[in-house]
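# Provided below are the primary sequence and the corresponding predicted coordinates.
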Amino acid sequence: MKRKYYLIDTENVGDSWLDLTAKLKQKDRAIAFYTQNHSKRLEEFLLRQVNNPRIVWLECAVGNNALDLQLIGVLAYLIAKHPRAVFCIYSNDKGFQRTVEFWQDRGIQISQKSSNLKKKTKKKDKKKNAAVSACGYGVLTGPLTQEQYAEEIARCVSFSNLNGWYCALTVILGQEDGREWYQKVRRDCQLRERLSRLFAGDRHERALSLTALALFAHGLDDTKAEAVYQVIRTNKYQDLNEIKMGLDKLTGQKSPNPYYTVMRPLVSLLKDL
């Protein structure tokens with residue numbers, strides 16, 4: 001079992017992370033970055049947990065982005081010392097996403113979790129089952145219509161990449177329905193204009209959402225979207241043998257592995273999002 005490090009930006013998420021400590025396994029560590037401006041509740045919690053070996057308390061200097069920079073510095077140190085560990089930044093600050101992507105590109109298992117996840121989930125559930133998950137992407141509820149699938153693809157794939165649209169549609173809707181929808185979006189300028197307005201998020205979020213959508217469409221476990229995408233990304237979107245072995249190990253599926261069957265045609269598209 002790999003050790004997990006949770007790096008907590010208490011200046012950003014306040015006290016919302018405190019329940020996390022009850023879920024820590026023996027090898028896991030929560031590193032709480034705080035300043036002198038911390039809340040009274042956090043101080044009381046610190047006093048109760050001061051001898052808890054699973055929580056590390058780091059007081060940071062106060063200043064513009066000072067805590068963020070100190071968190072990134074500690075993260076880099078931990079990655080250098082424990083490159084096989086799993087890391088999660090607990091913060092609502094979207095600026096950390098670039099740091100997450102930097103390390104993911106280098107094969108590090110790292111993600112970011114937002115403390116306002118539940119609020120976002122409720123809002124998105126009201127909007128045609130939009131994708132959300134434990135790290136901000138991935139879990140869908142359905143069933144979805146073909147038009148809803150097209151809308152979800154539009155959130156992930158730009159119309160500047162028509163080959164990508166064809167790939168996504170045929171993988172998610174099947175060859176026949178996918179080709180029909182591809183012709184429809186090519187012919188119907190108004191439909192294409194409407195769908196193009198849905199395109200949003202950074203590359204990492206779009207790739208995770210598309211992975212989750214493909215898994216969901218084929219009745220697979222879309223809660224594994226982040227882990228599945230990480231396998232593909234770690235192997236630089238090109239080593240199909242390594243990707244297959246990684247997905248076999250991740251899902252416990254034997255050949256033919258349905259996760260690999262679904263994701264293989266999307267590997268190049270994920271790289272180009």
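Great, that's in hand. Numbers count the residues shown, from 1 in each chain.

# Just the strands from the chain, written as ranges.
Along the chain, counting by DSSP state E, strands occupy 4-9, 29-34, 55-59, 86-90, 109-113.

# Can you redo the ones you listed as TSV, where the extra columns are mean neighbour count, distance to residue 205 and mean pLDDT?
The way it works is simple: take the backbone N, C-alpha and C, and place the C-beta from them, glycine included. Shown next, in TSV, are the strands of the chain (neighbours: other Cβ atoms under 10 Å; distance: least, Cβ to Cβ, whole Å; pLDDT from 0 to 100):
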stretch	mean neighbour count	distance to residue 205	mean pLDDT
strand 4-9	22	19	92
strand 29-34	20	24	90
strand 55-59	16	29	90
strand 86-90	21	15	92
strand 109-113	20	10	89
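
# Format those strands as a markdown table; extra columns: distance to residue 236.
Formatted as a markdown table, these follow (distance: least, Cβ to Cβ, whole Å):
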| stretch | distance to residue 236 |
| --- | --- |
| strand 4-9 | 24 |
| strand 29-34 | 29 |
| strand 55-59 | 33 |
| strand 86-90 | 20 |
| strand 109-113 | 15 |
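
# and of those, who's closest to residue 103?
Nearest of these to residue 103, taken as Cβ to Cβ: strand 109-113 at 4.9 Å.

# so the closest one versus strand 4-9, what angle?
For strand 109-113 against strand 4-9, the angle by axes from the mean of the first three to the mean of the last three Cα atoms, to 10 degrees is 40 degrees.

# by contact count, what packs against strand 109-113?
Here strand 109-113 touches strand 86-90, helix 96-104, going by 3 or more Cβ pairs under 8 Å, 6 or more residues apart in numbering; DSSP states H and E.

# Could you export those as TSV, including distance to residue 258?
Output for the helices and strands packed on strand 109-113, formatted as TSV (distance: least, Cβ to Cβ, whole Å):
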stretch	distance to residue 258
strand 86-90	25
helix 96-104	24
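
# gap between the two ends of stretch 57-66?
Start-to-end span of stretch 57-66 (Cα to Cα, to the nearest Å) is 16 Å.

# ok, and for that stretch, which residues are buried?
57, 60 (16 or more other Cβ atoms under 10 Å).

# what's in contact with that stretch?
11, 31-37, 46, 50, 67, 70-71, 74 (Cβ atoms under 8 Å, 6 or more residues apart in numbering).

# Please state the offset of that stretch from the chain centre?
In terms of Cα atoms, centre = their mean, to the nearest Å, the centre of stretch 57-66 is set 26 Å apart from its chain centre.
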